[in-house]
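**Student:** any chance you could fold what I've pasted below:
(one chain, ligands or ions: 1)
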Amino acid sequence: MIPYRVVLVASAAMLRLLGPLQAQRTRSAATTAPPARSAPITGIRYDVRFDSATAQRRTIQVAMSFDVGGGKDPVLLSVPEWTPGAYEISGFARWVSRFSASAGDRPLSWDKADPDTWRVRTAGPGRVTVQFEYLADTLDNAMAWSRPDFLLFNGTNLFPYAEGRGFDFPATVSVKTQPDWLVATGMKPAREPLTWTETNYHDLVDMPFFIGRFDYDSMTVDGKVTRLASYPTGILKGDTRTTFWDQIAKAIPTMAAVFQETPWSTYTVMTIFDSSYTGGSALEHQSSHVGIYAPMMIGTPLLASITAHEIFHAWNVKRLRPADMVPYEYARPEPTPWLWVSEGITDYYADLALVRGKIVDSTIFMGLTAEKIQTVAEAPPTALQDASISTWIHPTDGTGYLYYPKGSLAGLLLDIAIRDASDNRHSLDDVMRDLYRTTYKRGRGFTATDWWGAVSRAAGGRSFAEFDARYVDGREPYPYDATLKLAGLRLAADTMREPRLGLAGAPDSAGVRVTAVQPGGAAETAGVRMGDILVALGDVAITDPNFGPAYRARFKDAEGQDFSIKVRRGADTLSLTAKVRLIEQVNAHVELDAGASPKAIKVRSGILTGTQTGER
Ligand SMILES: [Zn+2]
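**Tutor:** Got it, this is the predicted structure:
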């Protein structure tokens, strides 16, 4: 998953990652009822109907049918509490309505056994069908969302399973829709048209669906069929589509080189662009990912970076995974201290994919690294392990997603340490490949012993116990100066207090529109709302989205002083009173070290190009 919001107030021309969106969601409590066991069911089939009629009601018609043996025990059908990759309890049962159960023409009685479980009383052996509607109204890559001509859904949302019967059962999915609408999914096609199958529930619910009108094409990348589905039609066309395809084609081989295999038979990049969405968020699967983006991200390196991040997950987390999440459980959270590896190191490899694939140059790579250093410096000191565990509760202090940038930087520091210790003969790539082969390929998840063992092996036996204690389990500041020097890089950082509004704006036809308002910031306190058009900040007229430098220069010596924020809201022009707030900012730059040793230059070049000494 990557949940970054994009903020355009920064003076840099490059889009800036200013930290994660705090998802505002209703959480249902995880169920703690005693383990229950359903009567066994077989021959499971899910029929999904979404057409222009159901689209009007934003609903999906779902029918699940299965065979029962005729015993006395009821069938217990549960829908998941969460979608793997989106580490939060969502309780998808809350979008289910009009549930019914029948055997042939005979209605069956049912009730709820727990908040996400239906208890169906069967009557003798035979085929049972349960039907319900699912409300597809949430624009979120872990959920279901519809428009009059389009549907996104995840299997976790609407495919019930028999509780307590394990997840090793085959199932078929069939889709009924408009004759001229398309269906995109990573599921394996079955014999009947518009029918797909998987051999177990984990794979079944890891294959999101697009149904409706969208642009859909494919090309061969790294020897495998790769598809691109984008909604709405026409938004990613011509040059921007060609550029995006080019970025995908350049990024994948750099990542496949790390593991020395491309593990999918086909891969589907599924994208939704919607102007109501601020920034971008994407969710990984084993052979696809779903990204939801603000249209202004089209053509940016940030879109390429998120795409690379999600594709790297096909190896790291969908296959190579912490033991705490093997197997996935769907009725309860699975916290792990290892999301800094699953997410942070994935994000390090997204940056590497951009530079190794020559999508961006090394200056941008150093800029992305500096942004991460800055984000970590501005957050409360937080251990990687603690941030990983806490993400499930969405901490309010801004550290809930800190394992992304901080874990990415841990990846860089470990990569440098390994390359330095081995004179660039080994790297973090060896660690990832070693773990992939020794854990995932042997059917298990990785543990602390596996991880630190692989790191130590790659570094010629060096112990990383102190690194773990100080920087992974501990909260000490990273040793940037000493470590970056080993890779011919140096960090220049200064701290300053600058006026900050706490809002993000983006240009549209009406002017510079407010696209995000930071809770408790100067703009929010003054009454600025999302959707307002910015007209002036005091005597600084807002004519282009890059107004930050002019605002900061005008008010840098005016802490606490009142000034007016003039905005247009609908037909009204409002003058809101704000107070100048100076916020501590860290400005970090990563530069080439002019005095780098030949060894450090070799390490730097190894990182940027993905090569090790002694490789062909
Ligand atoms: Zn991710």
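
**Student:** D430 and the ion, how far apart?
**Tutor:** Note on D430: its distance to the ion, by CB to the ion, to the nearest Å, is 22 Å. Using the backbone N, CA and C atoms, a C-beta is placed for each residue, glycine as well.

**Student:** quick one: furthest residue from the center of the chain?
**Tutor:** No residue in the chain sits farther from the centre than G124, which is 45.2 Å out by CA atoms, centre = their mean.

**Student:** that one against G70, yeah?
**Tutor:** Yes - counting by CB atoms under 8 Å, G70 is a contact partner of G124 at 4.8 Å.

**Student:** coming back round to it: tell me the contacts of the residue farthest from the centre of the chain?
**Tutor:** Counting by CB atoms under 8 Å, 6 or more residues apart in numbering, G124 touches 70, 103.

**Student:** ok, now with 7 Å
**Tutor:** G70 (CB atoms under 7 Å, 6 or more residues apart in numbering).

**Student:** what's the closest non-adjacent residue to Y231?
**Tutor:** Once flanking residues are discounted, Y231 sits nearest to F214: 4.1 Å by CB to CB, 6 or more residues apart in numbering.

**Student:** likewise for M255?
**Tutor:** F312 (5.2 Å).

**Student:** then G520?
**Tutor:** G502 (7.4 Å).

**Student:** residues in contact with that neighbour?
**Tutor:** Going by CB under 7 Å, 6+ apart, G502 touches 517-518, 521-524.

**Student:** top of the residues you listed by number of neighbours, please.
**Tutor:** Among the contacts of G502, the one with the most neighbours (other CB atoms under 10 Å) is A523, at 26 neighbours.

**Student:** which element follows the helix or strand hosting it toward the C-terminus?
**Tutor:** Element membership for A523 (DSSP states H and E) is helix 522-526. Reading on from helix 522-526 to the C-terminus, the next helix or strand found by DSSP H and E is strand 533-537.

**Student:** quick one: contacts of that next one?
**Tutor:** 505, 510-514, 542, 551, 563, 565-568, 573.

**Student:** same check, this time on stretch 46-56
**Tutor:** 60-64, 146, 148-149, 151, 159, 171, 173-178, 211.

**Student:** can you pull out the strands in the stretch 101-250 of the chain?
**Tutor:** 106-107, 109-114, 117-121, 126-135, 145-147, 150-153, 161-162, 171-176, 182-185, 188-189, 195-198, 209-212, 215-221, 224-231 (DSSP state E, counting those that start in this stretch).

**Student:** tell me the SS of G367?
**Tutor:** In the three-state summary, G367 is assigned as helix, counting by DSSP: H, G, I helix; E, B strand; the rest coil.

**Student:** pick out the residue of the stretch 451-600 of the chain closest to the ion.
**Tutor:** W451 (17.8 Å; CB to the ion).

**Student:** can you give me the helices in the stretch 501-616 of the chain?
**Tutor:** 522-526, 548-555, 598-609 (DSSP state H, counting those that start in this stretch).

**Student:** ok, which of these comes nearest E334?
**Tutor:** Minimum separation from E334 across the helices of the stretch 501-616 of the chain (CB to CB) falls at helix 598-609, 32.2 Å.

**Student:** got the phi/psi numbers for S422?
**Tutor:** phi -110, psi 10 (degrees, to the nearest 10).

**Student:** right, and it touches R462 too?
**Tutor:** No - using CB atoms under 7 Å as the test, S422 is too far from R462 to be in contact (9.2 Å).

**Student:** have a look at those two and say which one is more surrounded.
**Tutor:** Shown here are S422 and R462; by other CB under 10 Å, S422 has more neighbours (19 against 16).

**Student:** quick check: chain neighbours aside, which residue is closest to the more buried one?
**Tutor:** That would be G460: by CB to CB, 6+ apart, it lies 5.5 Å from S422.

**Student:** quick one: residues contacting the residue in the stretch 401-550 of the chain positioned nearest to the ion.
**Tutor:** In the stretch 401-550 of the chain, no residue comes nearer to the ion than Y404, which is 7.5 Å away by CB to the ion. Y404 is in contact with 343-344, 347, counting by CB under 7 Å, 6+ apart.

**Student:** got the residues of the protein near the ion?
**Tutor:** Contact residues (CB under 5 Å from the ion) of the chain with the ion: 1-2, 343.

**Student:** show the buried residues in these.
**Tutor:** Among the residues of the chain next to the ion, those classed as buried by 16 or more other CB atoms under 10 Å are 1-2, 343.

**Student:** these into a markdown table, with extra columns for pLDDT?
**Tutor:** Shown next, in a markdown table, are those (pLDDT from 0 to 100):
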| residue | pLDDT |
| --- | --- |
| M1 | 75 |
| I2 | 71 |
| E343 | 98 |
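
**Student:** of all those, which comes closest to R581?
**Tutor:** I2 (29.2 Å).

**Student:** contact partners for the closest one?
**Tutor:** Applying CB under 7 Å, 6+ apart, the residues contacting I2 are 281-282, 306, 309.

**Student:** report the beta-bridge partner residues of M496.
**Tutor:** Q585 (DSSP bridges).

**Student:** apologies, that question was intended for M64.
**Tutor:** Judged by DSSP bridges, the bridge partners of M64 are Y46, V130.

**Student:** neighbours of the residue nearest to D397 when sequence neighbours are not counted, how many?
**Tutor:** Sequence neighbours aside, P380 is the residue nearest to D397 in space, at 5.9 Å (criterion: CB to CB, 6+ apart). P380 is flanked by 10 other residues according to other CB under 10 Å.

**Student:** quick check: pLDDT value at P380.
**Tutor:** For P380, the model assigns a pLDDT of 92.

**Student:** buried set for stretch 560-571?
**Tutor:** 563-567.

**Student:** for stretch 395-410, same thing?
**Tutor:** By 16+ other CB under 10 Å, the buried positions in stretch 395-410 come out as 395, 399-410.

**Student:** those in strands, which ones?
**Tutor:** Applying DSSP state E to the buried residues of stretch 395-410, no entry is found in strands.

**Student:** for those, which one is nearest M325?
**Tutor:** Y403 (14.4 Å).

**Student:** the closest one reaches S342, doesn't it?
**Tutor:** No - judged on CB under 7 Å, Y403 makes no contact with S342 at a distance of 8.7 Å.

**Student:** wait, G344 touches S408, no?
**Tutor:** Yes - between G344 and S408 there is a contact under CB under 7 Å: 4.7 Å.

**Student:** no further queries at this time; thank you.
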